[in-house]
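Peer 1: structure for this input, please:
(one chain, ligands or ions: 1)
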Amino acid sequence: MSALRSLPPPTSDEARRQAALDAYAVVDSVPEQPYDDIVRLAVTLCDVPAAAISLIDHDRQWFKAQIGLDVRETARSEAICDRAIRQPDRMLVVEDLHEHPELPQPAMRVDGDALRFYAGVPLLSPDGQPLGVVCVLDNKPRTLTEAQREGLEVLARQTQHLLELRRYAMEQRRLLTEREAFAQRLEDARADLQRRHDLLEHRATHDALTGLLNRSALAQLRDNAEAMRSLQQAPYTLMLLDVDHFKDVNDRHGHLLGDRALRAVADAVNASIREGDIAVRYGGEEFLILLPDTRLAQAVQVAERIRQRIAVAPLPFTLTVSMGLAAGEPTRDWSEQVFDRADQALYRAKATGRNRVVVDDTPLHG
Ligand SMILES: Nc1nc2c(ncn2[C@@H]2O[C@H](COP(=O)(O)OP(=O)(O)OP(=O)(O)O)[C@@H](O)[C@H]2O)c(=O)[nH]1
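Peer 2: Numbers count the residues shown, from 1 in each chain. Predicted structure coming up:
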């Protein structure tokens, strides 16, 4: 039985049909067991030597699964399946192809012989676009029983389900990838924000010229529980360092070299102190260095190292500094009294000739 004379022309909106097929990304995919099982069932059900799931892709038909055929694809022009999708709501049955010279006579062989019998049920997308066909084929004329027709229609519906599952899984993967990309963008933005925050915080607490802590960071020291604990548990030393005749350095060598000299002081300080010590650019050419858990005698050695490093700093002139040191008691606040004593020591270092380290009341070097 066939209804060939009433077949409509090729589907008018081929672009939409092709787009519907493309959405499954199934053409040229690897063989898959569930589709192979369907053609195996079709062969058994209809008692034929060949069956296929054919998808009409541009100018070819491509078999997602097939049994009994000698090719994996053919030109669309010789595909009876292409005729079948022109009446998407019905099964196309050609009982004997020899009686229909108006139909393509495919070159492919069915179990070694020319194709004679064809029955195909169109596969539709949910919005009714014909994608291809589940078909059974034989190399001799024949017909299908009602039960076989119904069974073939069931297999076509199962194939459609498989295709929908495939599209659903792809969509899920796409959404997952999108979500991961979004989460990554969020994480990047968070990290960027953190970097900016860190940078701002660094700028707010560090001196731009020397990279040492600035005075406002020193003011925040009282809020730093760890730093305060170390000052409250062991003797510490406070040092004040002031560059000698720095006004002359600027006047004679210019501000740029003056800046370089301040960086050289910072380098010398950094190279002489240990982790946990606190170095602050306290004013223009004044530096404050806090050495937790350090007795005065040790601190004097550190101060001497700083002074000597500065004396040999790679500058086009000799730079000297004066330093005043005072001991801090763990039970006492480090601020006013200790600072005042260190300041007085510094004053004495200046007054007694500069380029020296003075401890509280006693000049140790000069
Ligand atoms: N190049 C440069 N100079 C600075 C900076 N901050 C402060 N100064 C200069 O440091 C000089 C400090 O001079 P004074 O306070 O008179 O002290 P001094 O010349 O070092 O003399 P003594 O401390 O008595 O040895 C001033 O000329 C300031 O302009 C800075 O960031 N860069």
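
Peer 1: enumerate every residue touching the nearest residue to Cys46 once chain neighbours are set aside.
Peer 2: Nearest non-adjacent residue to Cys46, counting by CB to CB, 6 or more residues apart in numbering: Val136, 4.4 Å away. Placement of C-beta: from N, CA and C, glycine included. Going by CB atoms under 8 Å, 6 or more residues apart in numbering, Val136 touches Ala42, Val43, Cys46, Val48, Ala50, Ala51, Phe117, Tyr118, Ala119, Gly120, Leu144, Leu152.

Peer 1: for the stretch 51-200 of the chain, which segments count as helices?
Peer 2: For the stretch 51-200 of the chain, the helices defined by DSSP state H, counting those that start in this stretch cover 80-84, 146-205.

Peer 1: got the residues of the chain near the ligand?
Peer 2: Residues of the chain lying close to the ligand by CB under 6 Å from any ligand atom are 209, 242-247, 250, 255, 258-259, 262, 284-285, 350, 354.

Peer 1: now do the strands in this protein.
Peer 2: Secondary structure of the chain, counting by DSSP state E: strands at 50-57, 60-67, 73-75, 92-94, 109-110, 113-114, 117-124, 130-138, 236-243, 278-281, 286-291, 321-328, 357-359, 362-363.

Peer 1: can you redo these as CSV with distance to Asp198 and mean pLDDT?
Peer 2: What follows is the strands of the chain, written out as CSV (distance: least, CB to CB, whole Å; pLDDT from 0 to 100):
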stretch, distance to Asp198, mean pLDDT
strand 50-57, 55, 98
strand 60-67, 56, 98
strand 73-75, 60, 97
strand 92-94, 71, 98
strand 109-110, 73, 95
strand 113-114, 78, 95
strand 117-124, 58, 98
strand 130-138, 56, 98
strand 236-243, 28, 96
strand 278-281, 19, 96
strand 286-291, 23, 96
strand 321-328, 31, 95
strand 357-359, 36, 97
strand 362-363, 43, 42
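
Peer 1: out of the ones you listed, deepest packed?
Peer 2: strand 130-138 (a mean of 28; mean count of other CB atoms under 10 Å).

Peer 1: next one: that strand to chain centre, how far?
Peer 2: Centroid separation for strand 130-138 versus its chain: 45 Å, with CA atoms, centre = their mean, to the nearest Å.

Peer 1: please save the CA atoms from it in CSV.
Peer 2: The C-alpha coordinates for strand 130-138 follow below in CSV (Å, rounded to 0.1, in the frame of the first residue of the first chain):
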residue,chain,number,x,y,z
PRO,A,130,10.5,16.1,10.4
LEU,A,131,14.0,15.0,11.3
GLY,A,132,14.3,11.6,9.6
VAL,A,133,12.7,8.2,9.6
VAL,A,134,12.7,4.8,11.4
CYS,A,135,12.4,2.4,8.4
VAL,A,136,12.4,-1.3,7.5
LEU,A,137,13.6,-2.5,4.2
ASP,A,138,13.6,-5.7,2.1
